[in-house]
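>>> Fold the following.
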Amino acid sequence: MSQDVVRLGLTAAVATAIACFAARAGAGFGAPPAATTGPYERDAPASPEPTPSGDAHDSAAPASRYGQLEADACEAELARRGASFVRVESARGVLAPLRLTGPLHGVAFHSGVPASQRASAPWEIVDCRLALALDDFAQQLSVHDVVEVVHYSIYRPPSSEWPADQIARQHAGALAIDAASFKKRDGTKLDVERDFHGRVGAHTCGAGDGPEPATPEALELRQIVCDAAGAKLFNVALTPDYNRAHYNHFHLEVAAGAKWFMVK
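Numbering: from 1, shown residues only. The predicted model follows:
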């Protein structure tokens with residue numbers, strides 16, 4: 001899979017290209033209950049869609065419901081929840097583009113660019129359907145006293161050859177976030193690259209799996225991603241256990257129209 005290098009102003013953050021799907025596993029690590037119950041880019045090879053079975057297929061799950069929403073219905077739901085956002089008039093490949101202008105349940109989601117540049121940075125654009133999933137995710141994160149999530153990117157604009165009227169998936173459709181770190185109220189930070197302690201090919205969630213070494217930070221990061229997977233807030237959750245390209249972030253994605261769920 002190709003890699004996109006994104007230089008984020010003063011922070012020079014590196015955004016890696018995202019693989020689409022991975023093997024499924026269930027949530028684990030004694031996770032508490034959940035907080036709430038198109039085509040790909042032309043320059044990237046399309047991964048085959050999975051053939052889910054059993055409880056991996058759930059049309060009533062949050063991510064499935066959000067992925068079915070049209071732009072107006074999605075924005076109405078986001079507004080009903082009290083989220084602060086502004087609509088983006090146009091973003092190639094994105095069905096319902098917007099920018100979050102305030103935290104969700106006390107959790108701010110933003111890239112590493114300076115605050116003064118975020119209102120214009122493309123990486124801050126988010127599809128409304130992903131914003132609903134992030135709103136649910138924020139409720140879970142608040143249990144961990146997380147107040148800030150720094151990501152490498154959400155939206156990565158497709159090439160100029162992408163048809164203006166064609167909706168994209170993953171980052172090209174602003175439907176995925178590459179979450180790199182989780183800052184807590186006391187100023188401490190859970191950093192995926194430093195603290196996850198994963199192994200490519202290992203299972204991320206489920207009995208018998210876990211980080212090596214099993215530090216408190218590593219266990220908490222596992223709980224964060226496995227809680228989100230267990231609540232089916234995102235159709236896809238990829239971690240450093242998936243491949244080397246994900247060594248420094250969680251790729252969390254709403255796959256529009258999908259009713260399957262995978263985490264790796």
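>>> Confirm for me that N235 is in contact with V254.
Yes: at 6.0 Å, N235 counts as touching V254 under the criterion of C-beta atoms under 8 Å. Yep, even glycine has a C-beta here, placed from its N, CA and C like the rest.
>>> Mind listing the shared neighbours of these two?
Here N235 and V254 have A63, G67 as joint contacts, going by C-beta atoms under 8 Å, 6 or more residues apart in numbering.
>>> Comparing the two, which residue is more hemmed in?
N235 (31 against 28; other C-beta atoms under 10 Å).
>>> Run through the residues that contact the more buried one.
A63, S64, G67, E253, V254, A255, A258, W260, F261, M262.
>>> Now the first one. Its backbone dihedrals?
Spelled out, that is A63. phi -60, psi -40 (degrees, to the nearest 10).
>>> Please enumerate the helices of this protein.
62-67, 71-80, 128-143, 192-195, 216-230 (DSSP state H).
>>> Looking at the contacts of N235, which are in strands?
Those of those mapping onto strands are E253, M262, per DSSP state E.
>>> now, the most widely separated pair of the contacts of N235?
G67 and M262 (14.1 Å; C-beta to C-beta).
>>> Who are the packing partners of the helix or strand of the chain with the lowest mean pLDDT?
When the helices and strands of the chain are scored by mean pLDDT, DSSP states H and E, strand 262-263 comes last with a mean of 92. Packing partners of strand 262-263 (3 or more C-beta pairs under 8 Å, 6 or more residues apart in numbering; DSSP states H and E): helix 216-230, strand 236-238.
>>> again, 10 Å this time
helix 216-230, strand 236-238, strand 250-253 (3 or more C-beta pairs under 10 Å, 6 or more residues apart in numbering; DSSP states H and E).
>>> out of those, nearest to D165?
That would be strand 250-253 among those, by C-beta to C-beta, at 22.5 Å.
>>> neighbouring strands for that closest one, and are they parallel or not?
strand 176-184 (antiparallel), strand 236-238 (antiparallel) (DSSP bridges).
>>> Could you save those strands as CSV and add columns showing mean pLDDT?
CSV is the format used below for those (pLDDT from 0 to 100):
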stretch, mean pLDDT
strand 176-184, 98
strand 236-238, 97
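>>> export these to JSON lines and tack on distance to D209?
What follows is those, written out as JSON lines (distance: least, C-beta to C-beta, whole Å):
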{"stretch": "strand 176-184", "distance to D209": "20"}
{"stretch": "strand 236-238", "distance to D209": "14"}
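>>> which one of those strands is the most hemmed in?
Here the criterion is mean neighbour count by mean count of other C-beta atoms under 10 Å, and of these the winner is strand 236-238, at a mean of 27.
>>> Give me the distance from that one to the chain's centre.
Centroid separation for strand 236-238 versus its chain: 8 Å, with C-alpha atoms, centre = their mean, to the nearest Å.
>>> now stretch 145-159
8 Å.
>>> Using PDB, write out the CA atom coordinates for it.
Extracted in PDB, the C-alpha atoms of stretch 145-159 (Å, rounded to 0.1, in the frame of the first residue of the first chain):
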ATOM      1  CA  ASP A 145     -10.000  11.600  31.600                       C
ATOM      2  CA  VAL A 146      -8.900  12.100  28.000                       C
ATOM      3  CA  VAL A 147      -9.400  15.700  26.900                       C
ATOM      4  CA  GLU A 148      -7.500  15.800  23.600                       C
ATOM      5  CA  VAL A 149      -6.900  13.500  20.700                       C
ATOM      6  CA  VAL A 150      -4.100  14.500  18.300                       C
ATOM      7  CA  HIS A 151      -4.300  12.900  14.800                       C
ATOM      8  CA  TYR A 152      -2.100  12.800  11.700                       C
ATOM      9  CA  SER A 153      -5.100  13.400   9.400                       C
ATOM     10  CA  ILE A 154      -8.800  12.800   8.800                       C
ATOM     11  CA  TYR A 155      -9.300  14.100   5.300                       C
ATOM     12  CA  ARG A 156      -6.600  13.500   2.700                       C
ATOM     13  CA  PRO A 157      -8.000  15.000  -0.600                       C
ATOM     14  CA  PRO A 158      -8.100  12.700  -3.500                       C
ATOM     15  CA  SER A 159      -6.200  13.600  -6.700                       C
END
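>>> Thank you, goodbye.
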